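A.B. asks: Could you work out the structure for the sequence below:
(one chain, ligands or ions: 1)
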Amino acid sequence: MPGYELIGEEEKREVLDVLDRGILFRYEFPDQRKGIYKVEEFERAFRRYVGSRYSLALSSGTAALKVGLASMGVGPGDEVITQGFTFVATWEAILDLGATPVFGEIDDTLCLSPEDLQKRITKNTKAIIPVHMCGAQARVDQIVEIARKEGIYVLEDTAQACGGRLKGKYLGTFGDMGEFSFDSVKTLTTGEGGMLVTDSEELYIKASEYHDHGHDHNPKLPRGLEGRNFIGFNFRMMELQGALGLAQLGKLDYIIKCQRENKKRLKEEIGKIPGVTFRNILDEEGDIGSFLVFFMPSPRDAMDIKARLDGQKIPNIYWYKNLWHYYGEWEHLLEGKSVIRSGYPFKNPDGSTRLTYKRDALPRTEDYLSRAITIPINIRMEGQLEGILEGLKRIRAEWSS
Ligand SMILES: Cc1ncc(COP(=O)(O)O)c(C=O)c1O
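C.D. replies: Residues are numbered from 1 along each chain as shown. You can find the predicted model right below:
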């Protein structure tokens, strides 16, 4: 799945373009940069690709989540609903703004269950973050419909599904905002980096100002004299990252094509193992093919298959025991561990409890993940794919006997 597999001449050319000018920052130096604005160019190309009106590049996907929520006005007293199967960044961003993450169950898509979501909405719910996990779609159209009725924002976490679609529409463009990550292991990489997309001018302007120390970006004034509407922070993307993003974006369709072909071959073979069922992909055409997830009838069967995959040296992930992506393994959240002296956000300054999370709160998520095994798909699997397919055939023969 990672775009780093394809770092080549195109990336070198774009980066050298920046180094030749010597201007490494997205703002300022209009004379020296001779019209080269790589971050802006990347933003333009990205929003054209996904079909959104506005786009803002950021220093990471986590920053994009935080800036997106901040532009929605999320803060203390607000609840944000997300899922118990995601990377920690999703709820870190919520906690960092002083708001409360509320965890919902996943369904057979391995993404937020709209049915469960409905039960968790309260008068304090300000936003919902469905996460398009492992390269494919959440039931985002249903989630947006629920949110619209309740007057709640939707920020799609599309970190793992860049280029994915549902019924022809790009993931990240269904809700009020969509967030993407370009970190080291993502479909497109800029080393570190992220993007927000939106059709709302108001949200875009707030996000743009907040991510740049509150600068109001008044084109008539030199940067040092720009005004401020509120306090902000620094989550800016660098020109070198913008340059990498431009080159990588040009490869996105090719990346998706390769992954989908590799996934198809693996899926055919895995489907022959008795008892295997697959994760529900709502729209096969829009799956970016970065992961193949299948279920076994029981957790025991899943662990058995995992041991056999390990034995055949076939790369696989058992999310249920993954320290970074599954609620039940987030002991720092469950035990309320904080770097802040007062224990915030888990404790109030007077030492009383502010937030607690229970390990067994998400039984359906636990059921799905304890039976799920994932095969990560790479772009280049030449030389590797045949070996994996042979290994799978051996597993099937053993399993069937
Ligand atoms: C679902 C999800 N959300 C957010 C992020 C955060 O992205 P970044 O690493 O760019 O901060 C990740 C990264 O792994 C992710 O998988």
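A.B. asks: For Gly104, give me its contacts.
C.D. replies: If you count contacts by C-beta atoms under 8 Å, 6 or more residues apart in numbering, Gly104 has them with 81-84, 112-113, 116-117, 120. For glycine as for every other residue, the C-beta is placed from the backbone atoms N, C-alpha and C.
A.B. asks: Look up phi and psi at it.
C.D. replies: When read as degrees, to the nearest 10, the backbone of Gly104 gives phi -110, psi 170.
A.B. asks: so what's it bridging to?
C.D. replies: Gln83 (DSSP bridges).
A.B. asks: how close does it get to Phe278?
C.D. replies: When C-beta to C-beta, to the nearest Å is applied, the distance between Gly104 and Phe278 equals 22 Å.
A.B. asks: cool, Ser370 as well?
C.D. replies: Taking C-beta to C-beta, one finds Ser370 at 16 Å from Phe278.
A.B. asks: more neighbours, those two?
C.D. replies: Using other C-beta atoms under 10 Å as the criterion, Ser370 and Phe278 rank with Ser370 on top: 20 against 13.
A.B. asks: list the contacts for the more buried one?
C.D. replies: If a contact means C-beta under 8 Å, 6+ apart, then Ser370 has 299, 302, 320 as its contacts.
A.B. asks: Let me see the backbone angles for it.
C.D. replies: phi -70, psi -10.
A.B. asks: Now do it against Leu334, distance only.
C.D. replies: Here the criterion is C-beta to C-beta. By it, Ser370 lies 17 Å from Leu334.
A.B. asks: Likewise for Lys358?
C.D. replies: Here the distance between Lys358 and Leu334 works out to 7 Å (C-beta to C-beta).
A.B. asks: Please apply the same query to Lys393.
C.D. replies: As it turns out, when the distance is counted by C-beta to C-beta, Lys393 lies 41 Å from Leu334.
A.B. asks: leaving aside the residues next to it on the chain, what's closest to whichever residue of the stretch 51-200 of the chain sits closest to the ligand?
C.D. replies: As assessed by C-beta to the nearest ligand atom, the ligand sits closest to Gly61 within the stretch 51-200 of the chain, at 2.6 Å. Nearest non-adjacent residue to Gly61, counting by C-beta to C-beta, 6 or more residues apart in numbering: Ser181, 2.6 Å away.
A.B. asks: Isn't the one you found up against His132?
C.D. replies: No: checked against C-beta atoms under 8 Å, the pair Ser181 and His132 is beyond contact range at 11.4 Å.
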